[in-house]
Every structure is written in structure tokens, then in C-alpha cells.
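Trainee: Show me the folded form of this:
(2 chains)
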Amino acid sequence: MLSKLSLLLKPLLQSFRDLAPIIIVVAFFQLAVLQQPIPNVNDILLGTLLVAIGLALFIRGLEIGLFPIGESLAYSFARKGSLFWLLSFAFALGFGTTVAEPALIAVADEAAQVAAEGNIIAESEEAMESYALGLRLTVALSVGIAILVGVIRIIKGWPIHYLIISGYVGVVIMTGFAPNEIVGIAYDSGGVTTSTITVPLVTALGVGLASSIKGRNPMIDGFGLIAFASLTPMIFVMGYGMLF
Amino acid sequence: MELFTEIIVTILETVRDVLPIAIIVFGVQIFVLRKPIPNLNRTLLGFVYVLIGLALFLVGLEKALFPLGKVMAEQLTNPEFIYQGIGEDLRHALDTVRWQDYKWVYIFAFAIGFATTIAEPSLIAVAIKANEVSAGTISVWGLRVAVGLGVAIGIALGTFRIVTGTPLHYYIIVGYIIVVIQTAFAPRLIIALAYDSGGVTTSTVTVPLVAALGLGLASTVPGRSPLLDGFGLIAFASLFPMITVMGYAQVSEWWTTRKQTDRAPENSEK
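Mentor: As a prediction, this is how the structure comes out:
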């Protein structure tokens, strides 16, 4: 009974430790800098408790669900040796997880507004909607390609920095040609694509692949998929901005 | 009761977000690989935990952190707060924005960037994996603190950029050059992980708060447009962790070689 209780309490305490910095920062600025009382104390306490329970459950779920399935997929693919299906899976995972990403939908709508105000597209509901949808598909496509290229890299064992640095060169060159209004959005779109569920899955997939292919080191070759997924959207979005 | 419906709605929304991923993953496992899923019940339970956990996490953030954080971001960027202590006559004499007046904004940006990154679930996931793969060489907390510092520096610098109105791409390009130089000197094992940590930092917790800060700042600083200058903070937050994580590896490598010179070859083999 006691051990069961501590099994429940331990992750909860850990999540509170994870949240402690936020609580301290918010309390300090509210009370000491802005010198205002904390509003709705009850709501805030309840919310913090929910966040802590949620974080503890999420991490438990990672360990027994997301990580194992990502790894088992990677092992099965490596053993089966079907490159076609592995690459299709990589693309589908990148595209499928990005196209419905709420953060991306928000950024795409904002981008459409910027474009309309900058007279790049007509200022009508319809034009803005189709612009936002086009942007979302562009980003999803770029993430799909990123994961695909990243998986090829793991299989071939290419050093990651050559690919990433060439990507940076691509970003810098595109910055010179892309319309000014799109640059900030393009840079931000790199950061918003990778969601809380995609990251553990993709990481487990990469590490699993690198550990089951002979001659690959999971540390050197297994990581890096997320890096690709945050780089290609910048290039693709600037390209999108140049086309329209 | 209201809270209960909110939780249910959020769980349903999370299910909708996760559904495409689940279909792809389970579909491939069943139809392409034609293999039963090992420990099916456990894995499904894991998915359920992830769904409920994420939903509770989001509801809690909406209840506690986001409203307060957004109000604070607005108040800190409010001219009335910025110019308190500066005389009325002097304030009108100042045509140009003085970046020094925004010191609390930078400090807040730094602190909230660090604090929210420490609680970011996807970073915890990557840190757990990196710890496991590196056989404990990379500690979960070490990586999270390094990334948190990177985001903190990035967002603080990003708010400074919005206040001064300097072009975003100069900063980003200089950052890239630093990353490239560091790549040449950092231990090889850390490079891929450092690149990854750029992308994982900005999700559930950090983005909404940082966006509120950027938007608040861009709409109150004279001469800035929220639509043109409000963007870019996330880009900063994804760039600087690469620098700090490689820096962390460089420092800890230097530390180990200094402490145990005789065991160094053994360590670098791993």
C-alpha cells in the first residue's frame, strides 16, 4: 500500500519540481516588480495541480507507450529492410503530424493577415483562407521531406552538420530574396512545427533506427530528425512567400 | 462541473490531434509490417496516459499560467510601467525609444523563457532519451538547464531586438555563424542532440507566453508594428539552445579531461 502510494506521489513531486521555476518567476514579478496581488488564487492553484498531474501522466505514457512503439517500429523496419515503406512512413509521419498542428494553424492565419495588409493577396476572407491553407500544406510538405531526408541520413550515416549547414546557407540565401513581410513568419514556422507528441515519437524512431542498423551510433546518428523538421519549413515558407 | 466539461472537451481535441499519428503508426504496424504490437495493452494504456496527461496539462495552463502570464506581459510592456519614475516633461522630450527603459522586460523574458522551457514536456522526452542513449553521460537536468538558458538568452535578446527595431535576419545569421564555428569544436556526440534541442524547446508552454510578450511589446513600443516586429521570438528561442547545448558539452568535456586525464580515452570512446 505504502509503495503504491509513493509510486503515485513520486512522479507528482517531480512534476512540481519541474513547475517550480515558473511559479517562482510569476510570483516574483507579480508581487515584487508589478506589485499587484495574485488574482483568482483558487483557479491558479487548481490549474497548477492539473498541470502537475497532466505532466506526470504524460511522462508515464511516454515511457510505456510512445517510446516503445517508436522503437519497435524502427526495429521492425530495420529487420524487414523495406526501404520504400520506411521512407513512406517517414514522410507520412512528418506530413500527417504537421498539417493538423494547432500552433501551425494559428501562425498560418496570422501570416495570411500580414499578407493581406501588405497587399500581397486580396483582402478578402476567401483569399486569406486559401493563402493560409497553402502555407500549412507547404510547411507540412517540408516537414515530411525533412523526416524523409533525416531517415536517409541515418541509414547512410552522413554527418549531420553538412546537411544542417547547407540548410542554413539555403535559409540565408532565401532571406535575401524573400519579401520582408514573410521572413519573420518563416523563421518562426521552423519552431512551431514539432509538437509534444511528434517529438518523442520521432526521437524514438531515429534512435531506434540508429541502434538497429550496424555501424550507426544512436547518439551521433539517432538524433537530428527534429533539427531537420525545424529547418526545412523556413526555406519552404520563404519560397512560398516568393511565389505569391 | 464546468471544469469537468472543459477537461472532456480538451481530451477530445487532443484525440483529434493525435488521431492522424495513431492511424499512421498503428496502420503501418498492422498492414505493412504485419506484426502484432508488442505489449499491446501496455502501449495503448501509454497512449491513453499521454492523451489524458496532455489534456490536463493544457487545461491547467489555460486556467493558471496563461491568463496571468499574458496579463503580466501586457503590464510589463505597458508604457505607464516602463516610464514610471521618469518625469512627464522628460518623457515627452524623448522622441526615440531608449532601450534601457525596458530592463524589466528583458529580465522577465529571460526568467520566463528559462522557467517555461524547464517544464516543456517534449524537452523532457528528448532529455530522457538522450540520458538513456548516452548511458548517463548526459544528465536529464544538465540538458534541460542548458536548453533553458539558451531559450532565456534567446528571448531576452529577441525582446531587445523588438525594442530597438533592428532587422531579425542579422541576429539569426550571426547566430548561425556561431553555431557553425562551435560545430567544428564541439564533441561529435553532442552535435545532433544540440541541433535537435533547437526544435523541441518551443511548444506547448513557451509559445503562447512568448507570443503574448512579443505582441505586447511590438504594439506598445512606438514605431513598431505587431505584424512585422511581433514575430521572431520563437526563431530566437530555437537558435540559442543549439549554442548553449554545444557549450554545455564543451565545458563538461573540458571539466572531465581536467579531472581525470588518465581515463579520458575511455570516455571519448563511448
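
Trainee: Every contact and neighbour count from this point should use C-alpha atoms.
Mentor: Fine.

Trainee: does residue B:46 really touch residue A:61, like I thought?
Mentor: Yes - if you go by Cα atoms under 8 Å, residue B:46 and residue A:61 touch, sitting 3.9 Å apart.

Trainee: elements contacting the lengthiest helix in chain A?
Mentor: In terms of residue count, the longest helix belonging to chain A (DSSP state H) is helix A:125-156. Here helix A:125-156 touches helix A:83-99, helix A:102-117, helix A:198-212, helix A:225-243, going by 3 or more Cα pairs under 8 Å, 6 or more residues apart in numbering or on different chains; DSSP states H and E.

Trainee: Report the angle between it and helix A:102-117.
Mentor: For helix A:125-156 against helix A:102-117, the angle by axes from the mean of the first three to the mean of the last three Cα atoms, to 10 degrees is 130 degrees.

Trainee: Assign a three-state SS to the residue nearest in space to the middle of chain A, would you?
Mentor: In chain A, the centroid-proximal residue (Cα atoms, centre = their mean) is residue A:194; its distance is 0.9 Å. Following DSSP: H, G, I helix; E, B strand; the rest coil, we place residue A:194 in the coil state.

Trainee: I figured it hits residue A:229, correct?
Mentor: Yes - assessed by Cα under 8 Å, residue A:194 is found in contact with residue A:229 at 7.2 Å.

Trainee: Figure out which of the helices and strands packed on helix A:125-156 is closest to chain B.
Mentor: Comparing the helices and strands packed on helix A:125-156 against chain B with Cα to the nearest Cα, the closest turns out to be helix A:225-243 (4.5 Å).

Trainee: Can you mark which positions in the closest one are buried?
Mentor: Buried residues in helix A:225-243, defined by neighbour count with 16 or more other Cα atoms under 10 Å in any protein chain shown: A:225-241.

Trainee: Then stretch A:173-188?
Mentor: Within stretch A:173-188, the residues scored as buried using 16+ other Cα under 10 Å are A:174, A:175, A:178, A:181, A:182, A:183, A:184, A:185, A:186, A:187, A:188.

Trainee: Provide a list of residue ranges in the chain with pLDDT below threshold.
Mentor: Looking at chain A here, since you left the chain open. Chain A contains residues with pLDDT under 70 at A:1-2, A:4.

Trainee: please go with chain B instead
Mentor: Ranges of chain B meeting pLDDT under 70: B:1, B:84-97, B:202, B:226-228, B:261-270.

Trainee: let's go with 50 and repeat that
Mentor: Filtered on pLDDT under 50, chain B yields the residue ranges B:93, B:264, B:266-270.

Trainee: Could you measure from residue B:120 over to chain A?
Mentor: Remark: distance between residue B:120 and chain A (Cα to the nearest Cα, to the nearest Å) = 9 Å.

Trainee: which one is that residue nearest to, not counting chain neighbours?
Mentor: residue B:205 (6.0 Å; Cα to Cα, 6 or more residues apart in numbering or on different chains).

Trainee: count of residues packed around that neighbour?
Mentor: 22 (other Cα atoms under 10 Å in any protein chain shown).

Trainee: What of residue B:115?
Mentor: Using other Cα under 10 Å, residue B:115 has 27 other residues around it.

Trainee: for the one 10 residues further on, same thing?
Mentor: The local packing count at residue B:125 equals 25, with neighbours defined by other Cα under 10 Å.

Trainee: same thing with residue A:63?
Mentor: Count around residue A:63 with other Cα under 10 Å applied: 18.

Trainee: Quick check: phi and psi on the closest residue to it other than its chain neighbours?
Mentor: The shortest distance from residue A:63 to any non-neighbouring residue, by Cα to Cα, 6+ apart, is to residue B:46 (7.4 Å). Per-residue torsions, residue B:46: phi -60, psi -40 (degrees, to the nearest 10).

Trainee: What residues does residue B:17 make contact with?
Mentor: Residue B:17 makes contact with A:97, A:100, A:101, according to Cα atoms under 8 Å, 6 or more residues apart in numbering or on different chains.

Trainee: Same question for residue A:187.
Mentor: Residue A:187 touches A:234, B:232, B:234, B:235, counting by Cα under 8 Å, 6+ apart.

Trainee: Go through the residues you listed and flag which are in helices.
Mentor: Short answer: those in helices (DSSP H) are A:234, B:234, B:235.

Trainee: export these to CSV and tack on distance to residue B:20?
Mentor: As requested, the ones in helices among the contacts of residue A:187 are exported to CSV (distance: Cα to Cα, whole Å):
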residue, distance to residue B:20
A:234, 24
B:234, 26
B:235, 27
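
Trainee: Let me see the contact set for residue B:172.
Mentor: Per Cα under 8 Å, 6+ apart, neighbours of residue B:172: B:235, B:236, B:239.

Trainee: Quickly find the element holding residue 14.
Mentor: No chain was given, so I picked chain A. Using DSSP states H and E, residue A:14 sits in helix A:2-28.

Trainee: Chain B is the one I meant
Mentor: Using DSSP H and E, the element containing residue B:14 is helix B:2-27.

Trainee: Run the chain-centre distance for that helix.
Mentor: Distance, stretch centre to chain centre, for helix B:2-27: 23 Å (Cα atoms, centre = their mean, to the nearest Å).

Trainee: and that helix, which residues are buried?
Mentor: Neighbour counts over helix B:2-27 (16+ other Cα under 10 Å) mark B:7, B:10, B:11, B:14, B:15, B:17, B:18, B:20, B:21, B:24, B:25, B:26 as buried.
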